Each structure stands twice: as C-alpha cells, then as structure tokens.
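[1] got a predicted structure plus its sequence, pasted below:
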Protein chains: 2
Amino acid sequence: MNVSRKAPTSPAGLIQIYRCFCDETRLRIVNLLAHGPLCVCHLQELLDSPQVKISKHLGYLKAKGVVTAERRRNWMIYSLPEKPSAALDANLKCLQDCTQTHAIFKADVRRLSKIAAKVEWLNETGECCAAPAPKARRSLSTRK
Amino acid sequence: MNVSRKAPTSPAGLIQIYRCFCDETRLRIVNLLAHGPLCVCHLQELLDSPQVKISKHLGYLKAKGVVTAERRRNWMIYSLPEKPSAALDANLKCLQDCTQTHAIFKADVRRLSKIAAKVEWLNETGECCAAPAPKARRSLSTRK
DNA sequence: CGACTATATTCAAATACAGGTATATTACTG
DNA sequence: CAGTAATATACCTGTATTTGAATATAGTCG
C-alpha cells in the first residue's frame, strides 16, 4: 500500500505522466477532474466527444495511475488520485498554472460550473446522468 | 486578431512541451541543458548514445522550441531558451524538482561535472570536443 | 427474463515515433 | 583543392497511439 520514496533508477513513472499529458483530450479531462470527480457521461457532455474516445482516454489515464475510478451503480466515477506520487502532484500543480492561460480549459471549467447542479445530484444521491435531462424522456408511444 | 499571447484557444504549445518530455533521452538532455549549454558531442559522451540519436532528439526539441541552437565554428551549441514561454518555464522548473529524485538524472549531472573542464574549454576558447582528448593537437599555438 | 443505460473492449486504418544504417551538409585545416 | 570533424538528414522498420465502428459487458428496472 505504501509507496516507496526511494529514488527510482529509471524515470519511467515520470515519463508516463508526460505521456498522459501530451494529448489535448486527456489534458482537458485532467483539468476538469482537478475540480472534482466526474463520470464518463459528464465528460462526454463537457468535452462534446464520443463515448469511445472519452472512455479510452480515461482507460489510458487510469492505466498510468493519473486517475482513479470507482463504480457507483451504473456509472464510473473518475477522480484524480487522493495520494498522488510526488511527481504527479508537482505536475498537476504545474498544469493548473498552465491551464489558467488557455481559453479552452477555462471554457471547460465554465461549462462544468453550469452542470454543477447535476454533478452535485450525482454525488449526493447517486443519480445521473449529465446528458439528457432526466425528465425529457417521453414514453415509448412513438417507438417501434 | 487571434494572435494573442495571452490566452491561446488551443493548448498546442503546452502539448508540444509534454511531447518533448515524454521520452527518456530527451528528458536527460533537457536536464543536462538546465546546467548550461552543451554541444552535441558532449551530450553524446554524457548519455553514451550514438550521434544520430542525440541529433534527432535535439532536432525534435528545437522544432518545438524547447531548446535553441547556435553554431560555433564546427559545433552546434544547444541551450535552453533564454526567454522561455510561461508554460515552458513552469514545466522546466517542475522537471527540475522531479529529476532530483531520480538516480539517472543525478548520475548524468555528476558525469557532467566531471567534464566541466572540457565544457569550460569550449565556452572560453571555442575549442571542442568532449569525445577524444585533443591528443595530436600539438599545434595549438599556431591557431588564434 | 428482457429492455435499457452506462461504460468498456475488440478490430481495423491512419498516423506518429524511436532507433538504426547510410549518406549528406557544413565548417575547418592543410 | 582534398580531407576530416561535427552534425544533420533520408530512408527503413517495428512499435505505439489515436480514432471510429461495431460489439460486448455490467448494472438497473419493469
């Protein structure tokens, strides 16, 4: 459980962090997760990207230890790790500085704040999802 | 209109930095350059790598603006930029923290300090190279 | 059970990249 | 001028990455 603080011979872990950070979609995901946990459908909506794309990038980030995932009912909740490695912690902070000056990240956060209610709803009641408002679900009369 | 230096819409520049940082050889080069300018043959010696490999990574770094190059006589002197972008500056500082805890980077710097004399020699007299000691160079006084 | 929702995985195609060998370029030296 | 040293580039090959389409899985609900 405890992670050793010895000096690794190879900077493999550090490089994995940079690999995770060198894709725009992943950067935007990490930037959003810095504000709190989100499920896949939230990210889909916020980044306006297909589910496969988001899911695969999340899988990538998770495999490298940059995010953690926890299942809640039907949804996977992704977060930044509670106890990140020193290198990850430093780079997350650095990234937060860097994102301040890029419009796309600020726009993402702005959009995030607009669905904050839905996210709260998820966190408190365990209900989702971000995508279509849960009421606009007509009956199946017109369905085949 | 969109030539602003303040808030680029796309984080392309930031991503380029991370792309540069996600290779071990390049990380070692940047770490060494943080201590001062070096020519290709110094890096060849310090990293014990073939010339092509070093040269190509330097070309990559230079293309993304992470290093600068200046020709001096026969040699190309590579340095970190004097006025790096905010993002690069932040990430270089972060990297310096991260390298502290990795043996390979410390070993590189230790080896660098051992050839410091040669590097000085380059910087002061314009003479190189790190690789084979200037053995048959008897006619030093004829130059200048 | 079967329909539905949220998410993950497999397959395939396009592109990027790292490393090597051989060759080119550039500058210096005699 | 030719020769050589330092560095760069072209080409090749295997591997990794990115993305999308289709499909699979897992949990929930009626």
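    Yep, that arrived.
[2] please count neighbours and contacts with C-alpha atoms only from this point.
    OK.
[3] residue ranges for the strands of chain A, please.
    Along chain A, counting by DSSP state E, strands occupy A:38-39, A:68-72, A:75-79.
[4] dump those strands into JSON lines; add mean pLDDT and distance to A:Q96 as well.
    JSON lines is the format used below for these (pLDDT from 0 to 100; distance: least, C-alpha to C-alpha, whole Å):
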{"stretch": "strand A:38-39", "mean pLDDT": "94", "distance to A:Q96": "18"}
{"stretch": "strand A:68-72", "mean pLDDT": "93", "distance to A:Q96": "19"}
{"stretch": "strand A:75-79", "mean pLDDT": "95", "distance to A:Q96": "15"}
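[5] most packed of those strands?
    For the strands of chain A, ranked by mean neighbour count under the definition mean count of other C-alpha atoms under 10 Å in any protein chain shown, the leader is strand A:38-39 at a mean of 23.
[6] burial of the closest residue to A:I104 other than its chain neighbours, as a residue count?
    Computed as C-alpha to C-alpha, 6 or more residues apart in numbering or on different chains, the closest residue to A:I104 that is not its neighbour in sequence is B:T9, at 5.4 Å. Close neighbours of B:T9, defined as other C-alpha atoms under 10 Å in any protein chain shown, add up to 15.
[7] please name the residues that touch B:T9.
    Residues in contact with B:T9, defined by C-alpha atoms under 8 Å, 6 or more residues apart in numbering or on different chains, are A:H102, A:A103, A:I104.
[8] which of the residues you listed fall within helices?
    The helices, defined by DSSP state H, take in A:A103, A:I104 from those.
[9] and the residue nearest to A:I104, how far from DNA strand D?
    Remark: distance between B:T9 and DNA strand D (C-alpha to the nearest atom of the strand, to the nearest Å) = 16 Å.
[10] near chain B, which residues of chain A show up?
    Those residues of chain A that sit near chain B, judged by C-alpha under 8 Å from any C-alpha of the partner chain, are A:6-12, A:14-19, A:21-24, A:86-87, A:90-91, A:94, A:98, A:101-104.
[11] just the buried residues out of those residues, in ChimeraX syntax.
    Once 16 or more other C-alpha atoms under 10 Å in any protein chain shown is used to decide burial, the buried members of the residues of chain A next to chain B can be selected in ChimeraX as follows:
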select /A:11,14,15,16,17,18,19,21,22,23,24,87,90,91,94,98,101,102,103,104
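[12] among the residues of chain A next to chain B, which are in helices?
    Mapping the residues of chain A next to chain B onto helices (DSSP H) picks out A:12, A:14-19, A:21, A:24, A:86-87, A:90-91, A:94, A:98, A:103-104.
[13] and the residues you listed near DNA strand D, which?
    Near DNA strand D, judged by C-alpha under 7 Å from any atom of the strand, the entries from those are A:R19.
[14] re earlier: just put the strands of chain A in CSV and tack on distance to DNA strand C.
    Rendered in CSV, the data for the strands of chain A read as follows (distance: least, C-alpha to the nearest atom of the strand, whole Å):
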stretch, distance to DNA strand C
strand A:38-39, 4
strand A:68-72, 7
strand A:75-79, 4
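[15] switch those strands over to JSON lines; also include distance to B:K62.
    Below are the strands of chain A laid out as JSON lines (distance: least, C-alpha to C-alpha, whole Å):
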{"stretch": "strand A:38-39", "distance to B:K62": "38"}
{"stretch": "strand A:68-72", "distance to B:K62": "35"}
{"stretch": "strand A:75-79", "distance to B:K62": "35"}
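[16] so for B:H42, which of these sits nearest?
    Proximity to B:H42 (C-alpha to C-alpha) singles out strand A:68-72 among the strands of chain A, at 41.8 Å.
[17] what is that closest one packed up against?
    With contacts defined as 3 or more C-alpha pairs under 8 Å, 6 or more residues apart in numbering or on different chains; DSSP states H and E, the secondary structure elements packing on strand A:68-72 are strand A:75-79.
[18] hmm, back to that, now tabulate the contacts of B:T9 in JSON lines and tack on pLDDT.
    Supplementary listing: the contacts of B:T9 in JSON lines, determined by pLDDT from 0 to 100:
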{"residue": "A:H102", "pLDDT": "94"}
{"residue": "A:A103", "pLDDT": "94"}
{"residue": "A:I104", "pLDDT": "95"}
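[19] I'd like to know which of the contacts of B:T9 is nearest to A:S55.
    Minimum separation from A:S55 among the contacts of B:T9 (C-alpha to C-alpha) is found for A:I104, which lies at 20.4 Å.
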